[in-house]
Each structure stands twice: as C-alpha cells, then as structure tokens.
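>>> I'll drop the sequence and a predicted model, then ask my questions.
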Amino acid sequence: MNIHEYQAKQLFKEFAIPAPQGAVATTPEQAQQAAQSLSSPAWVVKAQIHAGARGKAGGVKVARNLDEVKDYSAAMLGTRLVTHQTDAAGLPVNSVWVEEASAINQEYYLSLLLDRESERLIFIASAAGGMDIEAVAAETPEKIVRVPVHPAAGLQPYQCRQVSAALGLGKEQQSQLQTIMNGLYQLFLAKDASQIEINPLIQTADGKLVALDGKINFDDNAIPLHPDIAAMRDASQEDAKEAEAKQFDLNYITLDGNIGCMVNGAGLAMATMDMVKLKGGAPANFLDVGGGTNKDKVKAAFKLILSDGTTKAVLVNIFGGIVKCDVIAAGILAAVEEMHLTIPVVVRLEGTNVEQGLAMLKDSGLGLYAAEDLNSAAEQAVKLAEVDAGSRPSSTLTSSMEGGRP
Ligand code: GDP
Ligand code: MN
C-alpha cells in the first residue's frame, strides 16, 4: 500500500526525521489559508498523488505570494496529473500539500528497503539526489552506496558514518544523518514498511538536513496490524477495479483478453489461464476469489469481470474445498440472476457437495454451461467467446455426477 507525501511527512515527524512545516488542502482557499498560517516568505504547492516525478510534470510549484499559492492550487486541484511514473491517464489530484519553501544547498538520495538478495534491510544513499536515481544507478553506479543492516545487531553508528562519508557530509550533518537513519529504521520496523524513500534529502542553506520529499510503501499483509496506516489509504489513487477487489478480499488483475476467469486459489487461477491460452483464447483477468468465498464475493467477482464490457464469456473454475460447491452455486445463480447476465457462463465445479451444486445450476433454467473438467471447460469458454451472441448454441448444461469422479 502507498500513502501520500504529506502522510509520509507526518510519520517522519513521529520518528524525529525533520521535514518542512506544511498543511494539506483540498480547495485553493484552504491552500491559501494554510500558507498564511505558515510564517514563510515563500511556499511550495505540491500535488498529492501516489506517484513521483511530479516536479517535471508541473505538480510542484514554488509560490512567492499568497495569490500564487491560490493560483497554483487551483490549477492542480481537480485535474489528473500525468508523470513518467503514472500511466497515460494519470492520477487525480484531490489534495495539495502546501509547505514552507526551503533554501536548498545540496540534494541527496536516501532510502531504506528490503533487499531480498541479502535478506536484510538495506540503506541506499547517493550524493546525486533529486534526480532520477534509476539513471544514476544505471550510468554511474559508483555514486550509490549500499549499507545492509544486520537484523540482530540493528543499525550501527559506524554504518551512519559510512553513509555520511559517501554523501560528503560534515561533522554536524553526520550527527543529523544518524538521527534520520535511526528514525527511518525505527519507522520501517514499527509500521511494517516495505520501502521508504527520501528524494531529495536536502541540506538547507543553514546546514540542516531535511526530508523534502517522502515516499513510503507498506507490506499489504501487515496493514491489518496498523489501523493508523490503514486509515491513510486513498482508494482514489488505486486502480478502481483492483481497489474494489481488495474491498471484497479478491485478488484481481486486469488483462487484455475476452474470457473472464473466476477461480479460487492462485495456483488454480494460473492453471485456468494457461488452459484458456492452450485452447487458443485469452483471459480478460486474473481473479482469485480466495478460499472462504461466499455469495457476496462471487457477486462482486462477477461485477468486476463484467465491468469493462470486453468480456465475451465467463469461465468459473472452483474447487470446493473450504467452501462447499452448493454455496458457490448459490452465489453464481444469485449473481447471474441479479445482473441479468447475457454472456455465456461456463462452470466447472469440483469438490465437496458438487452434486448439489451442479443440480442447482442445472435446475435454475438460467442457461449456464456445466463442464466435466477443466480441459473441456476451457475449450467451451473459448468457443463461446468466439461465437456471436445471436448464433450461440443452446445451453448444454449436463450433470457430470456420473462421470469418472475420484
Ligand atoms: P517529485 O518530483 O514528485 O519527486 O517531487 P519532489 O518533492 O522531489 O520535488 C521535486 C523538486 O522540486 C525537488 O527535487 C526540488 O528540486 C524542488 N523543490 C521541492 N521543494 C522545494 C523547495 O522548498 N525549495 C526549492 N528551492 N525547491 C524545491
Ligand atoms: Mn522526489
């Protein structure tokens, strides 16, 4: 999960990492009032979106008077900002962060992330901050220092001195850096972050190290442990479908094809997509409805699959292990009925109470297609997706109860 820069800066303050004073605003008037309440000769208006590279895209503006604060805010709020870190549609600017402007002497890069190779948290720092760190890493990797932290020993003072030397800091800044690195390390562990990035970390004209920007990613699996972090979620910044999926605890990813797949279990979902491909079709999505599914989840899953209008057939492949097949069948029937589904739905059920489940589908009169196995299910879904709605063969729902079931 991502959060906004202003939220990252709130957390920085909690962990003694200096950041400029500021306030968040959702209207130009609020932005102006925010600026007025900060005694500063100039302000920076920053579009709050879940992406970086805003500076080059017009999402970071230095305002020299209160009218400029209002004008810049008005120009950003309510628009979508496209940066080279977003897609072509950009992200909505629903709020701006107004902060006191800083006099920059030097820009550095500092981040802390989980390095899977060394299986440790690792600090990454560079004196070439403020720029595209990926370009620095690719072209001049010697300008980047990497310092892994031993999990039992924790961050050691000598490691802070190592980073300080790499950044070319003086004695006074070295002790400031140690405070910042300690804060980052504590914050990372306390909130189950997966990455914290300060780019740029600046040295001000009067020699203070300040986090001018802040980006924090959190481990999704740990979010339930941190209600304060969970409350920072901004669904407007997330893929609408994927955000809705999250609400229902569904794992959903949009793909290019036209066969909607509703499957439980990531492995079975992968196998189903492979099978669709093998039969010459293309999946419209990856969807894992999870182990303990219910009627509402199945309905939400159908809604997601059908919402973009490109889906020509739905392939349901569910193994009733934790959840029973008759419960799945009830969910499918409710969804199909309530949504007045007009595209064909191929269902392959297997597992506990499969006979009841299939009988329910069969007796429904809703024209669902039941398949004996995954092979024929995929084949049928691909065939149906190719057929025009008008010339579609009539339902071939057959119970496979007598089949060679183990
Ligand atoms: P990003 O482009 O989304 O990463 O946004 P940043 O917060 O990093 O801001 C982009 C750039 O704007 C920074 O690298 C700075 O050069 C500049 N900038 C941001 N805030 C200030 C400020 O208070 N004073 C000055 N002089 N420049 C700033
Ligand atoms: Mn930045």
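Received it, and whenever you're ready, just let me know what you need. For clarity, every value in this text was computed on a predicted model and none was experimentally measured. Ligands and ions are numbered 1, 2, ... in the order given.

>>> For the closest residue to ligand 2 within the chain, which three-state class applies?
In the chain, no residue comes nearer to ligand 2 than residue 213, which is 3.5 Å away by CB to the ion. Backbone N, C-alpha and C define where each C-beta goes, glycine included. Here residue 213 is recorded as coil under DSSP: H, G, I helix; E, B strand; the rest coil.

>>> my read: residue 180 touches residue 201, true?
Yes: in this structure, residue 180 is within contact of residue 201 by CB atoms under 8 Å, at 7.3 Å.

>>> Looking at those two, which has the bigger crowd around it?
Legend: neighbour count by other CB atoms under 10 Å for residue 180 and residue 201, higher for residue 201 (28 against 24).

>>> where do the helices sit along the stretch 301-406 of the chain?
In the stretch 301-406 of the chain, the helices defined using DSSP state H, counting those that start in this stretch lie at 325-338, 354-363, 374-386.

>>> can you check the stretch 101-250 of the chain too?
133-139, 157-167, 171-190, 227-230, 240-247.

>>> In terms of secondary structure, what does the first one contact?
Using 3 or more CB pairs under 8 Å, 6 or more residues apart in numbering; DSSP states H and E as the contact criterion, the secondary-structure elements in contact with helix 133-139 are strand 144-149.

>>> Number of residues surrounding the residue nearest to residue 246 when sequence neighbours are not counted?
Excluding the flanking residues, the one nearest residue 246 by CB to CB, 6 or more residues apart in numbering is residue 238, at 7.8 Å. As a burial measure, residue 238 scores 17 neighbours (other CB under 10 Å).

>>> try residue 278
Other residues near residue 278 come to 12 when the count uses other CB under 10 Å.

>>> For it, give me its contacts.
Neighbour list for residue 278: residue 378 [criterion: CB atoms under 8 Å, 6 or more residues apart in numbering].

>>> List, one by one, the residues from the stretch 51-200 of the chain near ligand 1.
Neighbours of ligand 1 within the stretch 51-200 of the chain, by CB under 6 Å from any ligand atom: 52-55, 60, 62, 101-102, 104, 107, 130, 199-200.

>>> could you redo the last one with a cut-off of 5 Å?
Contact residues (CB under 5 Å from any ligand atom) of the stretch 51-200 of the chain with ligand 1: 52, 54, 55, 60, 101, 102, 104, 130, 200.

>>> Who are the contact partners of the residue of the chain closest to ligand 2?
Residue 213 makes contact with 5, 52, 197, 198, 199, 200 under the criterion CB under 8 Å, 6+ apart.

>>> between those, which is nearest residue 309?
Nearest to residue 309 out of those is residue 52 (CB to CB; 32.6 Å).

>>> Count the neighbours of the closest one for me.
For residue 52, the neighbour count with other CB under 10 Å is 20.

>>> cool, residue 243 as well?
Residue 243 has 15 neighbours, counted by other CB under 10 Å.

>>> what about the stretch 151-300 of the chain, any weak spots by pLDDT?
Applying pLDDT under 70 to the stretch 151-300 of the chain picks out residues 291.

>>> and the closest residue to ligand 1 within it, what are its phi and psi?
Closest approach of the stretch 151-300 of the chain to ligand 1 (CB to the nearest ligand atom) occurs at residue 213, with a separation of 3.4 Å. For residue 213, the backbone dihedrals (degrees, to the nearest 10) come out as phi -140, psi 160.

>>> thinking again about what came up before, check the contact lists of residue 180 and residue 201 and give me the overlap.
With contacts taken as CB under 8 Å, 6+ apart, the residues that reach both residue 180 and residue 201 are 110, 209, 211.
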